[in-house]
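Visitor: Okay, here's the prediction I keep looking at, along with the sequence it came from:
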Amino acid sequence: MFGMIKNTLFGVTEETEYKLLSSETKDGVSFETRRYDASKYAVVSSEGRTFDQVSGELMRKLLMYIGGSNEPGEAMGTATPIIITVYPRNDGVLSRRLVAGIRIPTMYQQAPPPPTDTSIRIEERPGMTVYALQFGGFAGEIEYRAEALRLTRTLGETAPFQRKQYFCCSFDPPLKPYGRRNEVWFLQEEP
């Protein structure tokens, strides 16, 4: 636990690089279209509990992994954002299935340290294009759902994005009290 806190507060933070394809404002709502390259992620899943009940636990597991809870005991620095994949029902409420992931820092992409926590797995995620909407504050299920609805309305019904899942992204350590950055990402459907 101390390694996670030390790594989060004093380690190097690496934001996942992307190519900005466009930046737009519609009806007073600003959003970006970005392209992310394929990368390896540490991933942990949960079923049966709500977003607010389990998201902190999933984030903590990932931060402990990159903070040194891995086979060599090596703190890797911090990568942002932590991405939680959610699966909304037709009424907009999130299902009780979540997948949290954090990009393995660049220096460890070729050979990520094996996790000591067996619930964490390493997976290669393909490149993706996303619509990204940024907002501040502490974000839970209600805030992410509200921002997802705002982005849906802004993009319109004909926009080419996946509606069966979206990404809730947190860029800040859990202990940061102000100036927080969160984003909702919609995965653009490839032509």
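Guide: That came through fine. Residues are numbered from 1 along each chain as shown.
Visitor: got the buried residues for the helix or strand that contains Glu123?
Guide: Secondary structure assigned from DSSP states H and E places Glu123 in strand 121-125. Judged by neighbour count using 16 or more other C-beta atoms under 10 Å, the buried positions of strand 121-125 are Ile122. (Glycine included, C-beta is placed from N, CA and C.)
Visitor: partners of it, with directions?
Guide: Strand 121-125 has the following strand partners under DSSP bridges: strand 39-47 (antiparallel).
Visitor: Show me where this protein has its strands.
Guide: Ranges of strands in the chain, per DSSP state E, are 13-15, 19-26, 29-36, 39-47, 78-80, 82-88, 94-103, 121-125, 128-135, 166-170, 182-187.
Visitor: pLDDT weak spots in this protein?
Guide: Where the chain drops to pLDDT under 70, the residues are 1-12, 191.
Visitor: residues in contact with the residue nearest the centre of the chain?
Guide: Computing the C-alpha centroid of the chain and ranking residues by C-alpha atoms, centre = their mean puts Ile83 first, at 1.2 Å. With contact taken as C-beta atoms under 8 Å, 6 or more residues apart in numbering, Ile83 is in contact with Tyr41, Ala100, Gly101, Ile102, Phe167, Cys168, Cys169, Trp185.
Visitor: Wait, Val43 touches Ser119, no?
Guide: No. With contacts defined as C-beta atoms under 8 Å, Val43 does not count as touching Ser119, sitting 9.6 Å away.
Visitor: more crowded one of the two?
Guide: Taking other C-beta atoms under 10 Å, Val43 and Ser119 do not tie; Val43 has more neighbours (20 against 11).
Visitor: For the more buried one, give me its contacts.
Guide: Contacts of Val43 (C-beta under 8 Å, 6+ apart): Val99, Ala100, Gly101, Ile120, Arg121, Ile122, Glu123.
Visitor: if I pick the first one, what's in contact with it?
Guide: By that I understand Val99. With contact taken as C-beta under 8 Å, 6+ apart, Val99 is in contact with Val43, Val44, Ser45, Ile84, Thr85.
Visitor: and if we set it to 10 Å?
Guide: Applying C-beta atoms under 10 Å, 6 or more residues apart in numbering, one finds that Val99 lies in contact with 41, 43-47, 58, 83-87, 123, 165, 167.
Visitor: on that earlier part again, ok, what's across the strand from the residue nearest to the centre of the chain?
Guide: Following DSSP bridges, Ile83 is listed with bridge partners Gly101, Cys169.
Visitor: distance of it from Lys26?
Guide: When C-beta to C-beta, to the nearest Å is applied, the distance between Ile83 and Lys26 equals 24 Å.
Visitor: ok, now Leu63?
Guide: 35 Å.
Visitor: What is the burial count for the residue lying closest to Glu141 once chain neighbours are set aside?
Guide: Taking C-beta to C-beta, 6 or more residues apart in numbering, and ignoring the residues beside it in sequence, Glu141 has Phe51 as its nearest neighbour in space, at 3.9 Å. When neighbours are counted by other C-beta under 10 Å, Phe51 registers 23.
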